[in-house]
Every structure is written in structure tokens, then in C-alpha cells.
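Asks: I would like to see how this sequence folds:
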Amino acid sequence: MSACILCIEDESTLLRDLCEELTIAGYSVLAASTVDEALAHLENTRPDLILSDVMLGGEAHRDGYFIHEFLRENRPDLAETPFLFLTALGHRNALLEAKRKGVDDYLVKPVDYDMLLATVEARLAQVTRFRSHAQRERPDLLQRLKGVFDQLPGAALLCDQHGQLQYATPKAQQIATEEKLWRSSVGGTLTWPVLKASAHEKIASALQELCSAGARKLLTLERSDCSAAVAASVVCLEAEDSAGARLLAIFLSSTQTRQMPDVGALREMFGLTPTEANVALLLAQGKRSEDVAQTLGVSATTVAFHLRNLFSKTGVTRQSELVALILSTGWAIPSLPDSAPEPRVGS
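Replies: Now for the predicted structure:
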């Protein structure tokens, strides 16, 4: 498959000539004469290289630099895509400005097409080397992650942003067998046989939205048979590599598999009081607020007070999010043997 080049130039004759030369050289070419046309192409296509004039007609400040800065700030998937400037400004200061702003190369008009094609070929070859290196590194990363995840008691799935399964922990494999909660299609894509369509959409949306390493989203996933919902935490482990692939983890907790953290672990992680930790655990066990009040021997007003404190300390805004957080935390957070003894519920 030929490399795709986005060519942005407001002079129609030059744009036509550039596209013809690049096409004859065997490249697939997208043409744009304005910033808006270029951004429209980028919404639907991921080019392998971008060649842009600096001085584009139209609104002030919406020039080649604008496109370059927009992509570097808003399109992490294009971070390693070569960006080449084409301009009549060949003086030293213009070249230095482009280099300082991170432009990969700078070609001066009138166009030397031999130099243009040689530069394009060299930059694409460089990208190929980067991608080959990343593809060699990804298996090593997965192998290291497997060694870590195998030691944890909870259910976790590693996949890319398209739901292509990379690894499942032993607990995740267990719930696939016992609960039929998930399975891998013939093509290796994750499917969710017992979840409602709305839950499928939540998972797919989270996988697409989480782009930066460490970003996470808590989900409550409803089953089609109306039994207890599944709590999930989706976390981006690695941002897109040079091949455009992201690595994400889906941590699962259902009624049958939930792993509850102890009071000491919750207090240490979120800075909770003993009572707040007990309230959180009781809610995570499926108890209603009035049942929590009865169990602890306090009023509903007191439970509401503790709940507000829990929202503030954990950074969530709804009770369902709090429960999802506790459940997704529990499977990975070990007990703290050196912590103070866990207060008895009701004391």
C-alpha cells in the first residue's frame, strides 16, 4: 500500500504540479488549498506525511504554522508524522523559526522536485524505522505487563482502542467461562454477550476517548438479564505508538468476582476516616443508604454526610461512580497488614 501524503498549497497551479509529481512517484495524494480543507481531510484520514505551504491565503494566523500547532496539540496519533514546510521564505531566520517550532523539514520555492522527492522518501523511511522499533518493543511491554497482572487477584483485559484483545488475566478467563461476561471473537475482538447494547457503547466509547497514558473512566455496565450490574474501570496504559496503536486495560468486577479492599487500604488510598471507609464498603456490597444507616446504627442524615465527604475525597459525583471506584480498586489493592485494626461495623 502506497504512503499517503497530504499536500496543502493555496496556489492552484503549484498544488496541481506537486500532486502530479508525488502521484507519479507512487504516492497516494490528498490535496488541500485552505486550512479548512486540510483539517477536513485530517478528520477522516491519517496521512503518512504532510507537506504544507507556510503562507496560506484566508484568515490571519491560519497558516501552515497554525496547522502544525493544531496537530501537535490535538492529534497525538500524528505525533510522529513528518511535517514539511514549503515556502518562498528561504532566509536563515525563517528556517530557524521553523526548526525551533518542531517542523521536520523545510523546502524552498521554486520547487526542486528531485530534492522534494528525496526528502519525502527519506522522511518516510525514517518513520518506517520508528514503527519497526515500536513493533519490536510492544511484545516486550506486553510480556512485562503479563508478569505484573498475573500476580493480581482481579479480572483485567488488555486490548487496543478497537477492542482487539491482547491478554486476559486468569481471573478474567475464569469469568469468561463461568459468567460468559466476555469472549474473544474469531478475529480476536472483545465481545460482551450478557451486557446490554448501551453497555457495549460505553466500553467502545471509553476505548476511543482515552488517549493519554493514565487517563481512566469508570463505567457501570448493565446486564441484559437485569441481574447485578458489572463495574468496570478503563485505563489507558500507553498512548498511541508510531503505528497508531494504544494499549488499554479494562478492570472488571461483578457480583461473583468482586474483590473488596479492606478498610485500611481504603483509608490509606483516599484519606478516609474509619466510618467513611465502612460506608463505602457497605455501599459497594450493594446495600442501600437506609440499610447502611441501620447496619452502622446511625441516622440517614449521618450517612448522607459521610457520602458527601466520600464524593469530595474520591473525586466522584454520584453514588454509582463511588461503587464502581471501590470495586475496581478492590481487586488490585492488597490488604495492609501493618495498618490499624479494621473497626467493626456498627461500632
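Asks: Where do the strands of the stretch 51-200 of the chain begin and end?
Replies: 83-87, 105-108, 155-159, 165-168, 183-184, 190-191 (DSSP state E, counting those that start in this stretch).
Asks: Can you give the strand pairings for the second one, parallel or anti for each?
Replies: What it means is strand 105-108. strand 83-87 (parallel) (DSSP bridges).
Asks: what comes into contact with the partner strand?
Replies: The set of residues external to strand 83-87 that reach it, using C-beta atoms under 8 Å, 6 or more residues apart in numbering, is 9, 18, 49-55, 64, 68, 71, 94, 98, 102-109, 111, 119-120, 123. The way it works is simple: take the backbone N, C-alpha and C, and place the C-beta from them, glycine included.
Asks: mind redoing it with 7 Å?
Replies: 9, 49-55, 64, 68, 94, 98, 103-109, 119, 123 (C-beta atoms under 7 Å, 6 or more residues apart in numbering).
Asks: Can you flag the buried ones in those residues?
Replies: 9, 49-54, 64, 68, 94, 98, 103-108, 119, 123 (16 or more other C-beta atoms under 10 Å).
Asks: Start and end of stretch 179-198, how far apart?
Replies: End-to-end distance of stretch 179-198: 19 Å, with C-alpha to C-alpha, to the nearest Å as the criterion.
Asks: Run the angle between the strand or helix carrying Ile5 and strand 83-87 for me.
Replies: In the assignment (DSSP states H and E), Ile5 maps to strand 4-8. Orientation check (axes from the mean of the first three to the mean of the last three C-alpha atoms, to 10 degrees): strand 4-8 against strand 83-87 gives 30 degrees.
Asks: ok, strand 4-8: who's next to it in the sheet?
Replies: strand 28-32 (parallel), strand 49-53 (parallel).
Asks: what mean pLDDT would you report for that strand?
Replies: On average, the pLDDT along strand 4-8 is 93.
Asks: what's the angle from the biggest strand by length in the chain to strand 155-159?
Replies: Ranked by residue count, the top strand of the chain under DSSP state E comes out as strand 230-238. Comparing the axes of strand 230-238 and strand 155-159 via the same axes, to 10 degrees yields an angle of 40 degrees.
Asks: I'd like the next helix or strand past strand 230-238.
Replies: Next along the chain from strand 230-238, counting by DSSP H and E, comes strand 247-253.
Asks: Just want the angle from that following strand to strand 230-238.
Replies: In terms of direction (the same axes, to 10 degrees), strand 247-253 departs from strand 230-238 by 160 degrees.
Asks: Quick one: residues in contact with strand 247-253.
Replies: 154-161, 172, 175, 181, 207, 210, 230-238, 259, 327-328, 330-331.
Asks: what is the rounded mean pLDDT of it?
Replies: On average, strand 247-253 scores 89.
Asks: quick check, distance from it to the centre of its chain.
Replies: 12 Å (C-alpha atoms, centre = their mean, to the nearest Å).
Asks: Name the strands paired with it and say parallel or antiparallel.
Replies: Checking strand 247-253 against DSSP bridges gives partners strand 155-159 (antiparallel), strand 230-238 (antiparallel).
Asks: which one of those lies closest to Thr128?
Replies: strand 230-238 (20.5 Å; C-beta to C-beta).
Asks: Surely Leu219 is in a strand?
Replies: Yes - looking at Leu219 with DSSP: H, G, I helix; E, B strand; the rest coil, it is inside a strand.
Asks: Let me know how buried the residue nearest to it when sequence neighbours are not counted is, in neighbour terms.
Replies: The shortest distance from Leu219 to any non-neighbouring residue, by C-beta to C-beta, 6 or more residues apart in numbering, is to Ala232 (4.4 Å). By the measure other C-beta atoms under 10 Å, the count of residues near Ala232 is 25.
Asks: how about low-confidence regions in the stretch 201-347 of the chain?
Replies: 241-244, 255-259, 328, 330-347 (pLDDT under 70).
Asks: how about 90 then?
Replies: 211-216, 218, 220, 225-233, 237-247, 251-270, 284-286, 320-347 (pLDDT under 90).
Asks: Which helix runs longest in this structure?
Replies: helix 113-149 (DSSP state H).
Asks: so who does Leu195 touch?
Replies: Leu221, Glu222, Arg223, Ser224.
Asks: and it, how far is that from Leu221?
Replies: Going from Leu195 to Leu221 by C-beta to C-beta, to the nearest Å gives 5 Å.
Asks: Can you list the low-confidence ranges for the stretch 51-200 of the chain?
Replies: Using pLDDT under 90, the stretch 51-200 of the chain drops low at 52-111, 119, 122-155, 160, 162-167, 169-172, 174-180, 184-189.
Asks: let's see 50
Replies: Nowhere does the stretch 51-200 of the chain drop to pLDDT under 50.
Asks: care to break the protein down by domain?
Replies: 4-133, 150-253, 263-330 (automatic domain parsing).
Asks: Nearest to Leu141 among those would be which one?
Replies: domain 150-253 (7.0 Å).
Asks: what's the first-to-last distance across that closest one?
Replies: 16 Å.
Asks: That one: how far from the chain's middle?
Replies: Worked out by C-alpha atoms, centre = their mean, domain 150-253 lies 12 Å from the chain centre.
Asks: i'd like the first residue to be 14 from this point on
Replies: Sure, I'll start counting at 14 from here, so that last one is domain 163-266.
Asks: Cheers, nothing more for now.
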